[in-house]
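J.: Okay, here's the prediction I keep looking at, along with the sequence it came from:
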Amino acid sequence: MSERSAADVVALHPVIAVTGRAALAWAEALTNVRESRAPDEVYEQAHVTFSEKELADLSITIAMINAWNRLAIGARAAHPSDRPRPNAAGWSAERVTS
């Protein structure tokens, strides 16, 4: 199976709004800026879709999520679904699956 980006998958779904597609494409461009250099065409689509304030707010939100993800990775923090699930007798080895 080939690897697809979230933006590729969203683009295939007819129900996702144009704003959602633009937001996701901008998020992927900023998240993968080393590879993508935040392409002008992605910026232009975001710029025509959102007001300047909305685009600034979106960009700050993306930056904050990326910062928290990098801090969690650096701290080797476990994802909640990878943590043991508590039970009446204490902590079990069972992983959270829901």
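T.: Arrived safely. Residues are numbered from 1 along each chain as shown.

J.: contacts and neighbour counts: CA atoms only from here.
T.: Fine.

J.: Look at the residue most central in space within the chain and give its secondary structure.
T.: In the chain, the residue lying closest to the centroid (C-alpha atoms, centre = their mean) is Ala27, at 6.6 Å. Following DSSP: H, G, I helix; E, B strand; the rest coil, Ala27 is assigned to helix.

J.: show me what contacts it?
T.: 59, 62 (C-alpha atoms under 8 Å, 6 or more residues apart in numbering).

J.: And the pLDDT at it?
T.: Per-residue pLDDT puts Ala27 at 96.

J.: Give me the distance between it and Glu52.
T.: 16 Å (C-alpha to C-alpha, to the nearest Å).

J.: which secondary structure elements does the lengthiest helix in the chain contact?
T.: Longest among the helix segments of the chain by residue count, using DSSP state H, is helix 52-74. Applying 3 or more C-alpha pairs under 8 Å, 6 or more residues apart in numbering; DSSP states H and E, we find helix 52-74 packed against helix 18-31.

J.: ok, and for the helix it packs on, which residues are buried?
T.: By neighbour count on 16 or more other C-alpha atoms under 10 Å, the buried set for helix 18-31 is 20-31.
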